[in-house]
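>>> Could you look at this predicted model? Sequence included:
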Amino acid sequence: MSQDFSVVIPVLNEQESLRQLFSEIQETASEIDCQWEVIFIDDGSTDDSWNVIQELSQEQETVHGLQFRRNFGKASALSAGIAQSQYPLIFTMDADLQDNPKELPTFLQQIDAGFDIVSGWKEVRNDPLGKTLPSKVFNRLVSWLTGLKLHDHNCGFKCYRREVFSEIKLYGELHRFIPVLGADRGFKVSEVSVDHRSRKHGVSKYGWRRIYRGLLDLLTVIVLTNYRQRPQHFMGALGGCSFLTGTLGLGIMACYWILRQFSVLDPQVWEPLHQRPIVLYSLGALLLGAQLLAVGILAELITAQSAGTSATYSIRQRTSPKS
């Protein structure tokens with residue numbers, strides 16, 4: 001089985017780390033009987049990162065570089081690097097030297113064992129509590145909601161078979177959920193413990209805003225993996241509950257109005273219908289439910305229209321009859 005691989009590395013203001021990172025990759029790759037390459041994607045750096053990448057590409061035939069016109073985000077950088085790569089296995093890793101290239105053979109062993117996606121797990125993490133605590137909470141939430149039990153969904157150090165990216169398209173910030181999306185398509189996912197080193201140069205590019213964006217992306221992934229081919233099951237469930245709640249509330253208020261009109265309820269004690277807040281809440285729930293149901297129907301029409309242009313299945317192998 002071929003172990004030829006490409007290493008795709010997004011770069012944002014990491015000029016001090018690039019040469020050492022390539023040297024470490026080169027040292028490890030030279031011990032493996034395979035062909036390999038490193039692709040650096042400069043995602044709008046404002047330091048000297050691009051000049052360093054250009055120098056490395058002139059010095060080393062295994063180095064390729066891409067420079068974005070501005071910062072487009074990690075998912076876009078990975079997509080561009082993967083499109084540029086040429087080998088059947090694709091590694092992704094960060095440029096800050098916290099990922100240790102000596103772990104490359106460990107990932108390859110898992111690939112040889114039959115897995116399609118191998119995710120790194122920073123079992124001992126050398127980051128401040130402000131990063132590690134939210135990450136632990138997020139990882140447990142993702143594992144619980146998606147059913148894919150990984151200790152570290154956020155780890156950027158991963159290895160994939162190329163066919164994974166023929167079926168999964170990256171956009172937004174879905175890069176951290178590739179194993180989840182791959183598992184939904186039937187790809188086999190594994191996890192390996194990796195050495196995580198302290199940052200030596202530069203500053204972290206992640207803050208608290210990442211948590212909020214990650215939760216929004218998680219919602220997107222849940223919808224994609226569970227309701228992509230049946231959106232009405234998701235929108236209809238929400239819309240149906242809201243519609244029925246509104247209908248029930250208005251029904252109760254209708255009975256209340258009738259009883260008050262016929263003096264079964266004392267009009268001096270029971271306030272008029274228009275003064276009851278439940279009327280507005282019920283009407284709002286009814287209208288919201290109707291809108292969600294309508295959106296679900298439109299989503300079903302769009303899904304049916306696009307079903308012929310995108311595969312709803314994933315093929316592992318094919319057999320051919322003897323000629």
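Thanks, I have the structure now. Numbers count the residues shown, from 1 in each chain.
>>> by contact count, what packs against the helix or strand where Ile82 lies?
Element membership of Ile82 [criterion: DSSP states H and E] is helix 74-84. When contacts are defined as 3 or more Cβ pairs under 8 Å, 6 or more residues apart in numbering; DSSP states H and E, helix 74-84 sits against strand 5-11, strand 36-42, strand 63-67, strand 89-92. (Glycine included, C-beta is placed from N, CA and C.)
>>> Can you list the low-confidence ranges for the protein?
Applying pLDDT under 70 to the chain picks out residues 1-2, 126-131, 201-211, 265, 267-270, 303-323.
>>> who's sitting farthest from the centroid in the chain?
Of all residues in the chain, Ser263 has its C-alpha farthest from the mean position, at 60.2 Å, by Cα atoms, centre = their mean.
>>> now that one, what's its secondary structure?
Using DSSP: H, G, I helix; E, B strand; the rest coil, the structure places Ser263 in coil.
>>> Now do the same contact list for it.
Residues near Ser263 by Cβ atoms under 8 Å, 6 or more residues apart in numbering: none.
>>> what's the spacing between it and Ile168?
Going from Ser263 to Ile168 by Cβ to Cβ, to the nearest Å gives 67 Å.
>>> Quick check: the gap between the spatially closest residue to Phe177 that is not a sequence neighbour and Leu215.
For Phe177, ignoring the flanking residues on the chain, the nearest one in space by Cβ to Cβ, 6 or more residues apart in numbering is Val221 at 4.7 Å. According to Cβ to Cβ, Val221 and Leu215 sit 11 Å apart.
>>> For Tyr87, which non-adjacent residue is closest in space?
Nearest non-adjacent residue to Tyr87 (Cβ to Cβ, 6+ apart): Asp4, at 4.1 Å.
>>> mind listing what the one you found touches?
Per Cβ under 8 Å, 6+ apart, neighbours of Asp4: Cys34, Gln35, Trp36, Tyr87, Pro88, Leu89.
>>> one more time with 6 Å, if that's ok
Asp4 makes contact with Cys34, Gln35, Tyr87, according to Cβ atoms under 6 Å, 6 or more residues apart in numbering.
>>> if I look at the residue farthest from the centre of the chain, how far off is Thr62?
From Ser263 to Thr62 the distance is 91 Å (Cβ to Cβ).
>>> these two touch, right, Val279 and Gly251?
No - checked against Cβ atoms under 6 Å, the pair Val279 and Gly251 is beyond contact range at 11.6 Å.
>>> These two - which one has more neighbours?
Remark: of Val279 and Gly251, Val279 carries more neighbours, 18 against 11, as counted by other Cβ atoms under 10 Å.
>>> Can you tell me the element that one falls in?
Secondary structure from DSSP H and E places Val279 in helix 277-306.
>>> I'm done for today, thanks for sticking with me.
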